[in-house]
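1. Need the 3D shape of this:
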Amino acid sequence: MLTTVVATTACVCASASPAAATDPVVSRGVTIPAFYTPPAELPSGNGKLIRHEPLSLGLSLPGLDGRRLPGTATRLMYTSTDSNGQPVAVTGAYIEPSADWTGAGPRPLVVVGSGTMGQGDQCAPSLALENPLTLTGQTVSFGYETLAVYRLLATGAAVVVTDYVGLGVTDRLHTYVNRVDEGHAMLDAARAARSVPGASVTAASRVGMYGYSQGGGASAAAAELQRGYAPDVPLVGTYSGAPPADLTEVTKGIDGSALAGALGWSINGFAQASPALRDVVEANLNDAGRKALKDISTTCVGDAILGYGFTRSTTWTKNGKSVGEIIAGEPAAQAVLDDQRLGRLKPTGPVRVVTGTQDDIVPHAQARQLAVDWCKKGGDVTYKAVRLPNLGDKLLTNHLVPLLTDQGDAVDWLADRLKGKATSSNCWTVPAQP
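-> Next up is the predicted model:
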């Protein structure tokens, strides 16, 4: 049952006991390295480095000066605070670039929030940097963010990639699209990067946030939360591509799509964090729904597409209503999703919001609304609508192609912010843009 799944994974990190060396955690046939099991006690404070070790990049080349290209990677575990105010351990990876920094000031840092990878610990972005393709009889994971990471490193900026809360670390489920957990994980990754042995970034290094899809929501959340949670992080620019800013609308987009499994990840994550939503979901799931959510909790994107693509949540419920309809009819559960809404806080620094006009997975209208809301709050917003033809209903193509077509511009825009170049808002053009 869902409550059982949640209860067995929702322990508070500060009191979690590490798995015994003779009893490794295995997720869909993949043994998770012992590094990812948090210690029983965490250091106090946010962004504190708990442990680190060298990380071998799966895609790298020898450089002429003896340094590996595009850089030297370190696996990290660091402290953060979750949406319930509890201390939590988060993993990730820091990469010191081989490229020189030619701008003014110390080498800057980009925090990368990966797009959707899944909910199984074997899907963690730091593991994908080490193993770009994980293909077994039980799981399929592809490190598609590697291209963006390497393009950012080529600018001379250092990069730190967060695994988010619960992805990789073995003490809890990944809290998928939880804005507070994701925003905190990104900001604390910036703090932790300063303590990595051999890192050239400092407390004075300019910091940029980069993310698309789930990462776009995470970077947007970081920009909104920086002022109150991490004012010591000198945030100078945020790229938020296809952000899931309104989860009520995003739920409608993913239900029945090729990425329908993502609905299960969000239900699992919020049920773990919020008793109000957990109780509503548990009361309305049928046996097929409970079985699906338990299985989905260990899947990566490839598994979810192959196993649950185009599934409608009406097949998971007792009354045949969609999960979205059920949540909308329960004020306490709907309040959980409403609390995730982005756009209610003014972001720190310049932000670039990009959305494909045909995006039907993370719907275009709600992403555009984030830009509108930020503009109304006086944000320094650069908004871009990527206009493409319809490339296939609910197939992910309308969602993924804008990621590729805009990536070069996104990296260039963020690199200019890291160099201290000024930008100006185009909020005045938004009413004329789709």
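2. Any chance you could list what contacts stretch 326-340?
-> Residues outside stretch 326-340 that contact it (CB atoms under 8 Å, 6 or more residues apart in numbering) are 177-179, 247-248, 251, 270, 274, 276-277, 280-281, 284, 317, 319. For the C-beta atoms, the positions are set from N, CA and C on the backbone; glycine is no exception.
3. next one: stretch 248-264
-> In contact with stretch 248-264 (CB under 8 Å, 6+ apart) are residues 116, 119, 176-177, 244, 266, 292-293, 296-297, 299, 301, 303-305, 307-313, 322-324, 327-328, 334, 337-338, 360-363, 365-366, 394-396.
4. re earlier: for PyMOL, write the select line for the buried members of the contacts of stretch 326-340.
-> Typed into PyMOL, the line below selects the buried ones among the contacts of stretch 326-340, using 16 or more other CB atoms under 10 Å:
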select buried, resi 177+178+179+247+251+270+274+276+277+280+281+284+317
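5. Tell me which two of the contacts of stretch 326-340 sit farthest apart.
-> R179 and N319 (29.5 Å; CB to CB).
6. how about the CA coordinates for the helix ranked longest in the chain, as PDB?
-> Assignment by DSSP state H gives helix 397-418 as the longest helix of the chain. Extracted in PDB, the C-alpha atoms of helix 397-418 (Å, rounded to 0.1, in the frame of the first residue of the first chain):
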ATOM      1  CA  THR A 397       8.800  15.800 -28.600                       C
ATOM      2  CA  ASN A 398       7.000  19.100 -28.000                       C
ATOM      3  CA  HIS A 399       8.700  19.300 -24.600                       C
ATOM      4  CA  LEU A 400      12.200  18.100 -25.500                       C
ATOM      5  CA  VAL A 401      12.900  19.900 -28.800                       C
ATOM      6  CA  PRO A 402      12.900  23.400 -27.300                       C
ATOM      7  CA  LEU A 403      15.500  22.200 -24.800                       C
ATOM      8  CA  LEU A 404      17.900  21.400 -27.700                       C
ATOM      9  CA  THR A 405      17.000  24.400 -29.900                       C
ATOM     10  CA  ASP A 406      17.500  26.900 -27.100                       C
ATOM     11  CA  GLN A 407      20.400  25.400 -25.200                       C
ATOM     12  CA  GLY A 408      23.200  27.300 -26.900                       C
ATOM     13  CA  ASP A 409      21.400  30.600 -26.300                       C
ATOM     14  CA  ALA A 410      20.700  29.700 -22.700                       C
ATOM     15  CA  VAL A 411      24.300  28.900 -22.000                       C
ATOM     16  CA  ASP A 412      25.500  32.100 -23.700                       C
ATOM     17  CA  TRP A 413      22.900  34.200 -21.700                       C
ATOM     18  CA  LEU A 414      24.000  32.700 -18.400                       C
ATOM     19  CA  ALA A 415      27.700  33.100 -19.300                       C
ATOM     20  CA  ASP A 416      27.200  36.800 -19.900                       C
ATOM     21  CA  ARG A 417      25.700  37.100 -16.400                       C
ATOM     22  CA  LEU A 418      28.600  35.300 -14.900                       C
END
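7. can you pull the buried residues of it?
-> Buried, per 16+ other CB under 10 Å, within helix 397-418: 397-403, 406-407, 410-411, 413-418.
8. again with stretch 102-116
-> In stretch 102-116, counting by 16+ other CB under 10 Å, buried: G103, R107, P108, L109, V110, V111, V112, G113, S114, G115, T116.
9. Reformat those residues as a markdown table; add distance to T423 and secondary structure.
-> As requested, those are exported to a markdown table (distance: CB to CB, whole Å; DSSP: H, G, I helix; E, B strand; the rest coil):
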| residue | distance to T423 | secondary structure |
| --- | --- | --- |
| G103 | 15 | coil |
| R107 | 21 | coil |
| P108 | 15 | coil |
| L109 | 19 | strand |
| V110 | 16 | strand |
| V111 | 19 | strand |
| V112 | 20 | strand |
| G113 | 21 | strand |
| S114 | 25 | coil |
| G115 | 24 | coil |
| T116 | 28 | coil |
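10. Pick the one among those closest to V160.
-> Using CB to CB, V111 comes nearest to V160 of these, at 5.5 Å.
11. For that closest one, give its distance to L135.
-> Shown here: V111 relative to L135, a distance of 28 Å by CB to CB, to the nearest Å.
12. what do you get for R68?
-> 25 Å.
13. neighbour-wise, which of the two wins?
-> Higher neighbour count among R68 and L135: R68, with 14 against 10, using other CB atoms under 10 Å.
14. Show me what the more buried one is bridged to.
-> R68 forms beta bridges with P62, as assigned by DSSP bridges.
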